[in-house]
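Peer 1: Sequence plus predicted model, see below.
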Amino acid sequence: MNAVHFGAGNIGRGFIGETLASNGFDIHFVDVNSTIIDALNDRKEYDIELAAEGKKKIHVSNVDGINNKDNPEKVVSAIENTDMVTTAIGPKILPFIAGLIADGISARKANGNEKTLDVIACENMIGGSQFLKGEVYKHLSDDDKKFADEYIGFPNAAVDRIVPIQHHEDPLAVSVEPFKEWVVDESQMKNPAIKLDTVVYVKDLEPYIERKLFSVNTGHATVAYTGEYLGYKTIGDAIADEKVLKQVKGALKETGDLLIHKWNFDPAEHKAYQDKILSRFENKYISDDILRVGRTPIRKLGFDERFIRPIRELKERSLDYSVLLDTVGMILTFDEEKDSESVELQKMLKEDKAIDVIKKVTGLKDEDLVNEILASYEAKINK
Ligand SMILES: NC(=O)c1ccc[n+]([C@@H]2O[C@H](COP(=O)([O-])OP(=O)(O)OC[C@H]3O[C@@H](n4cnc5c(N)ncnc54)[C@H](O)[C@@H]3O)[C@@H](O)[C@H]2O)c1
Ligand SMILES: O=P(O)(O)OC[C@@H](O)[C@@H](O)[C@H](O)[C@H](O)CO
């Protein structure tokens, strides 16, 4: 069996690649990074190192690479014959690869390939694969849409493993934390016969993706933005400061209250899940830049993203969201010249009224909440 995986970056090589390979798949990685693609084609293998005592190595083989910028037709032909498509490319990039996936689906139809296929977006977002489906369908004819409705599934997924930006001489080497969790919505699959060992299949992904995004990612981002505000550069240094630790614990308490209320999670189990997350952020074998974890602050301030959605839903339930609100004030001060969204956000805040920027980036219509965010931001910049 073989898989086409879009995004040969940190999580692509460091988690999705490992899982597909250990399940016996040959992997065609698709990326625009020619250094990585050339190295994959030269060597057809790479190593993953576990960031923990002993630094165990995991060998991944039977891989190659396709540069979708130079050879889009090779991507289409790989999709035409593949058993699975996965992505780990970033939510904003999905629309740019949708056309290639659509062409691959059209080619399957044209060649009478009626083998069912699942396309799984492994991105940090709610409803990632279904979002990708919407983008792919924009490129399909009505007939090809009917074919896709019958044979192509887009099951949503949640993936969890911290993989920082890599600094090795070997462009394929990747160091990852030992923890890993990949959950797929089984009810949206077209080919449920392909079940990957170590992947968890569930009938309803929503509680899992919300638990992940509003615990791991809200927590991580809280460490990043509070840390940046206090002058730190790495997650490890930031979380060692008790002010940052207090902030992340406060944020997790609030999202935990929401998740327990909404999904009936067992409070003791949820507390253990949160404690595990904090210990993962403190992993001394990993150096994770605040710049990476805080990247794309406009995306992270989105209506359904890791801060605004829990705040909205806590407010609806008359539950406390003061720490999340305080953190949103700090996100708006995130000023990193290497992050184009941070540059754009700061430019907007200089040129426009802060209240209008807040409305625009969060999509909020609730005037009271917008004013609360404005007050939180002003408190941060006037300190
Ligand atoms: N790194 C993590 O800890 C982690 C964990 C879970 C989920 N995720 C999610 O996985 C996704 C990828 O994150 P990452 O950390 O691996 O990022 P990354 O930047 O390391 O990898 C993304 C890869 O996509 C490639 N790419 C960008 N534009 C492309 C295009 N148009 N066509 C083909 N390839 C393109 C880049 O060259 C890069 O190799 C994100 O949605 C992220 O939220 C990351
Ligand atoms: O990838 P982002 O930008 O959505 O979030 C940054 C990190 O919080 C994220 O990559 C985590 O490391 C990962 O989600 C852990 O599973």
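Peer 2: Happy to help now that I have it. Keep in mind that this is a model prediction, so the values were computed, not measured. Residues are numbered from 1 along each chain as shown. Ligands and ions are numbered 1, 2, ... in the order given.

Peer 1: what about the residue in the stretch 1-150 of the chain positioned nearest to ligand 2, which SS state?
Peer 2: The stretch 1-150 of the chain approaches ligand 2 most closely through Asn124 (3.5 Å), counting by CB to the nearest ligand atom. Backbone N, C-alpha and C define where each C-beta goes, glycine included. Secondary structure, DSSP: H, G, I helix; E, B strand; the rest coil: Asn124 is coil.

Peer 1: For it, give me its contacts.
Peer 2: Residues near Asn124 by CB atoms under 8 Å, 6 or more residues apart in numbering: 91, 159, 213, 217.

Peer 1: what's the spacing between the second one and Val370?
Peer 2: Which is Val159. According to CB to CB, to the nearest Å, Val159 stands 32 Å off from Val370.

Peer 1: between these two, which one's more packed in?
Peer 2: Shown here are Val159 and Val370; by other CB atoms under 10 Å, Val159 has more neighbours (24 against 17).

Peer 1: what's the closest non-adjacent residue to that one?
Peer 2: Cys122 (4.3 Å; CB to CB, 6 or more residues apart in numbering).

Peer 1: Counting only strands, which of the contacts of Asn124 make the cut?
Peer 2: If you go by DSSP state E, those have Val159 in strands.

Peer 1: want to try TSV for the contacts of Asn124, with distance to ligand 2 and pLDDT as columns?
Peer 2: Converted to TSV, those look like this (distance: CB to the nearest ligand atom, whole Å; pLDDT from 0 to 100):
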residue	distance to ligand 2	pLDDT
Pro91	8	96
Val159	6	98
Leu213	8	98
Asn217	5	98
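
Peer 1: Is any residue of the longest helix along the chain near ligand 2?
Peer 2: Longest helix in the chain, counting residues (DSSP state H): helix 242-263. No. Remark: helix 242-263 sits outside contact range of ligand 2, by CB under 6 Å from any ligand atom, the gap being at least 12.0 Å.

Peer 1: now swap in stretch 277-294 and tell me
Peer 2: Yes. On the criterion CB under 6 Å from any ligand atom, stretch 277-294 is in touch with ligand 2 at Val293.

Peer 1: Report the separation between Gln188 and Tyr137.
Peer 2: Look at Gln188 and Tyr137: by CB to CB, they are 15 Å apart.

Peer 1: Of those two, which one has the most company?
Peer 2: Comparing Gln188 with Tyr137 by neighbour count (other CB under 10 Å), the higher total belongs to Gln188, at 19 against 16.
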